[in-house]
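Q: pasting the structure only:
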């Protein structure tokens, strides 16, 4: 296919964001665990990138496969603000990932955002986000770590994911884009800082609207699973609290946390 691109080093149009520290580790158990270990010593936000993770994890404690060449990083926010607002940073992170993918590949049409925490490439999962609280701050806010895993070089096999979940996809296999984890972070970090500033200054709607414009399966029938309960309905929107809103035969339903299946 003529549009496939082999990128050894993408054109980096954004400088590293002011006020954000960074650390690149050759190997670590989990970047989120390392974030917890460093949390008390940090004066500001810090990106921790590991070139190899030995005990990565996803949502609900599920293992996260991390082959060599893939991206595994955590952004530590010593003060992410009010807990309700802090949780909305999954939308900030997913928008930043979308922008980083577009910058790396030059393709907007291949990527969509799946509520609550995934980025899709050609309808398969290419990236996941894991938010974890770290502790309370003296001002009543909370510390947070935002773990991000991206299948840059390779994707796990389908038998490593939950039955019915979207199939994993790898950026290189799907697009021909070859990018190192360090270079991907150079694209991701400025995008996150920019979207985060927008949300802090103008509120969640400044993030909600661009997120919805990139949302996967909006207007279509999807299923949300919450433990033993499943709700099927038309994906209408995401509300001001970041909840998934479904139109069901029994009425409108707002869902705060769930796994979504197509």
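A: Yes, it's here. Please read all numbers here as calculations on a predicted model, not as lab measurements. Numbering: from 1, shown residues only.

Q: moving C-terminal of whichever helix or strand residue 191 is part of, what's the next helix or strand?
A: According to DSSP states H and E, residue 191 maps onto helix 181-202. Next helix or strand after helix 181-202 toward the C-terminus (DSSP H and E): helix 205-212.

Q: The spatially closest residue to residue 102 that is not a sequence neighbour: what secondary structure?
A: Excluding the flanking residues, the one nearest residue 102 by CB to CB, 6 or more residues apart in numbering is residue 108, at 5.3 Å. Every residue, glycine included, has its C-beta placed from N, CA and C. The three-state label for residue 108, taken from DSSP: H, G, I helix; E, B strand; the rest coil, comes out as coil.

Q: got it, and residue 126?
A: Classified using three-state DSSP, residue 126 is strand.

Q: One more: the one 4 residues further on?
A: What three-state DSSP gives for residue 130 is strand.

Q: Does it touch residue 147 like I think?
A: Yes: assessed by CB atoms under 8 Å, residue 130 is found in contact with residue 147 at 4.0 Å.

Q: So the two - more neighbours on which side?
A: residue 147 (28 against 24; other CB atoms under 10 Å).

Q: That one: which element?
A: Using DSSP H and E, residue 147 maps to strand 142-150.

Q: and stretch 227-239, average pLDDT?
A: Per-residue pLDDT values over stretch 227-239 give a mean of 96.

Q: Okay, buried residues for it please.
A: Neighbour counts over stretch 227-239 (16 or more other CB atoms under 10 Å) mark 231, 233, 235, 237-238 as buried.

Q: how about those residues in JSON lines, adding distance to residue 209 and secondary structure?
A: As requested, those are exported to JSON lines (distance: CB to CB, whole Å; DSSP: H, G, I helix; E, B strand; the rest coil):
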{"residue": "231", "distance to residue 209": "25", "secondary structure": "strand"}
{"residue": "233", "distance to residue 209": "22", "secondary structure": "strand"}
{"residue": "235", "distance to residue 209": "16", "secondary structure": "strand"}
{"residue": "237", "distance to residue 209": "10", "secondary structure": "strand"}
{"residue": "238", "distance to residue 209": "10", "secondary structure": "strand"}
